[in-house]
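Enquirer: What follows is a protein structure lacking sequence information:
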């Protein structure tokens, strides 16, 4: 797989059976973990009579998982592209505005998914699975909106030591992925009231933006 | 499982076969992911002729994983207890010293493990697996050293809104777990020079302490 393929692959052809398999897989993986869900179980739970239905639509488990990731990444990218386009002239973008462009699109996507959703817990598993990790990261980061955000950062003369810059980016990524998975699990299990889901997601977004502003200021000294 | 069991269970009885199975499981899980490693494969790779050896020593996969977690948690707790005992009088502990007590013991443990190690990637998978998540968190946090750190925080009058306090703690936990897994993977794959492993771990520890100080200051306004 070339890394840029993740970003340029279309959200995928769509068919009712294919969509049903993807939605079922995402839910079962989120609720039970990759290790406890077989491809056969996904086919059955998706109501596929043909035992090879999953293999027919997706040649392998990893391809199925990548298709789910690509679809979410494309939906998030739409939000981020719109936010980046609406930014003030690059020279006047504040750190908080820039960080909001990184974080808020994921939050908006979770709100759109409704409650319960499964994507957050599903994504958290992909980024710690050796064979999926690189694809999951690139599908979300190797996008036009992130390339534009990087240009804006450089235009503002915010140069960071490359190693520290990579670590800083990884910290932000880990916080978004895993804190979203935690709120999603709390909503799914009633530890957070599902009726207040949208408000809870927006509060998480605000908390993350505030936390990342502080983290960035301390670690890379951004204005 | 009662939550306090995690902290009070002894690191476990030990036998050469049991130790071999635990080390082999940890390595295979870290390298291939929970979903791609069967209990049978662990037994074979650990040189056990009896096909039921893993089941004999550990009644289930989850019990095997919990035993591995408990052993590491006990080793980390030894470091943290020593650091907490060496703190200045509670009233004079700085935020940075307090945060160092949370982060540095894990770093010291990783340095002791040597390179390559597998615990970091193994732990990262447990905290996103639905059936293991709660055990993994409690094994590391429900400990005498963390109870003492909480007392010190309250003695200093650092009161936080409980919901925000929990979120703040979760952010720190996610950063430690997942950034450690990333450095471990980078060392294992030669993206970071294994000869410089100790220096790289110490730099990660410093970066995490600095980042968390900034994050805490912004999010909960700690001094």
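Expert: Yes, it's here. Predicted model only: the values in this text are computed from it and were never measured. Numbers count the residues shown, from 1 in each chain, chains lettered A, B, ... in the order given.
Enquirer: Student question: in chain A, what's the helix or strand with minimum average pLDDT?
Expert: For chain A, using mean pLDDT, DSSP states H and E, the weakest element among its helices and strands is helix A:5-8, scoring a mean of 42.
Enquirer: Tell me where chain A has helices.
Expert: Secondary structure of chain A, counting by DSSP state H: helices at A:5-8, A:16-32, A:39-45, A:53-57, A:61-85, A:95-113, A:119-126, A:133-141, A:144-155, A:162-188, A:197-220.
Enquirer: can those helices go into CSV with extra columns for mean neighbour count and distance to residue B:209?
Expert: Yep, even glycine has a C-beta here, placed from its N, CA and C like the rest. Converted to CSV, these look like this (neighbours: other CB atoms under 10 Å in any protein chain shown; distance: least, CB to CB, whole Å):
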stretch, mean neighbour count, distance to residue B:209
helix A:5-8, 16, 33
helix A:16-32, 19, 33
helix A:39-45, 18, 43
helix A:53-57, 20, 46
helix A:61-85, 19, 31
helix A:95-113, 20, 21
helix A:119-126, 25, 25
helix A:133-141, 20, 25
helix A:144-155, 16, 25
helix A:162-188, 20, 12
helix A:197-220, 21, 10
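Enquirer: Which one of those lies nearest to residue B:128?
Expert: helix A:119-126 (4.3 Å; CB to CB).
Enquirer: Show the average pLDDT along the closest one.
Expert: Helix A:119-126 comes out with an average pLDDT of 98.
Enquirer: Does at least one residue of it sit close to chain B?
Expert: Yes: using CB under 8 Å from any CB of the partner chain, helix A:119-126 reaches chain B at A:121, A:124-125.
Enquirer: If we only consider the residues you listed, which is nearest to residue A:221?
Expert: Checking the residues of helix A:119-126 next to chain B against residue A:221 with CB to CB, the nearest one is residue A:124 at 29.9 Å.
Enquirer: so what's the closest one closest to, chain neighbours aside?
Expert: Leaving aside its sequence neighbours, residue A:124 sits nearest to residue A:181 (CB to CB, 6 or more residues apart in numbering or on different chains; 3.8 Å).
Enquirer: Surely that neighbour is in contact with residue B:128?
Expert: Yes: if you go by CB atoms under 8 Å, residue A:181 and residue B:128 touch, sitting 6.7 Å apart.
Enquirer: What ranges in chain A fall below the confidence cut-off?
Expert: Where chain A drops to pLDDT under 70, the residues are A:1-13, A:222-223.
Enquirer: hmm, try it at 90
Expert: A:1-14, A:88-92, A:153-162, A:221-223 (pLDDT under 90).
Enquirer: coming back round to it: spit out the contact partners of the residue nearest to residue A:124.
Expert: A:120-121, A:123-124, B:128 (CB atoms under 8 Å, 6 or more residues apart in numbering or on different chains).
Enquirer: Dump these to JSON lines, plus distance to residue B:155.
Expert: JSON lines is the format used below for the contacts of residue A:181 (distance: CB to CB, whole Å):
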{"residue": "A:120", "distance to residue B:155": "36"}
{"residue": "A:121", "distance to residue B:155": "37"}
{"residue": "A:123", "distance to residue B:155": "39"}
{"residue": "A:124", "distance to residue B:155": "35"}
{"residue": "B:128", "distance to residue B:155": "34"}
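Enquirer: any idea which of those is the one closest to residue B:147?
Expert: Nearest to residue B:147 out of the contacts of residue A:181 is residue B:128 (CB to CB; 25.9 Å).
Enquirer: Give me the neighbour count for that closest one.
Expert: For residue B:128, the neighbour count with other CB atoms under 10 Å in any protein chain shown is 29.
Enquirer: which ones are touching it?
Expert: A:33, A:121, A:124-125, A:128, A:178, A:181.
Enquirer: How about residue A:40?
Expert: By CB under 8 Å, 6+ apart, residue A:40 lies in contact with A:51, A:54.
Enquirer: Swap in 10 Å and give it another go.
Expert: Neighbouring residues of residue A:40 by CB atoms under 10 Å, 6 or more residues apart in numbering or on different chains: A:48, A:51-55.
Enquirer: Please apply the same query to residue A:186.
Expert: Counted by CB under 10 Å, 6+ apart, residue A:186 has contacts A:192-194, A:200, A:204, B:166.
Enquirer: Show me which of those is closest to residue A:84.
Expert: For the contacts of residue A:186, the nearest to residue A:84 is residue A:204 (21.1 Å; CB to CB).
Enquirer: any idea how far the closest residue to residue A:53 other than its chain neighbours is from chain B?
Expert: Excluding its sequence neighbours, the residue lying closest to residue A:53 (CB to CB, 6+ apart) is residue A:43, at 4.9 Å. Distance of residue A:43 to chain B, given as CB to the nearest CB, to the nearest Å: 17 Å.
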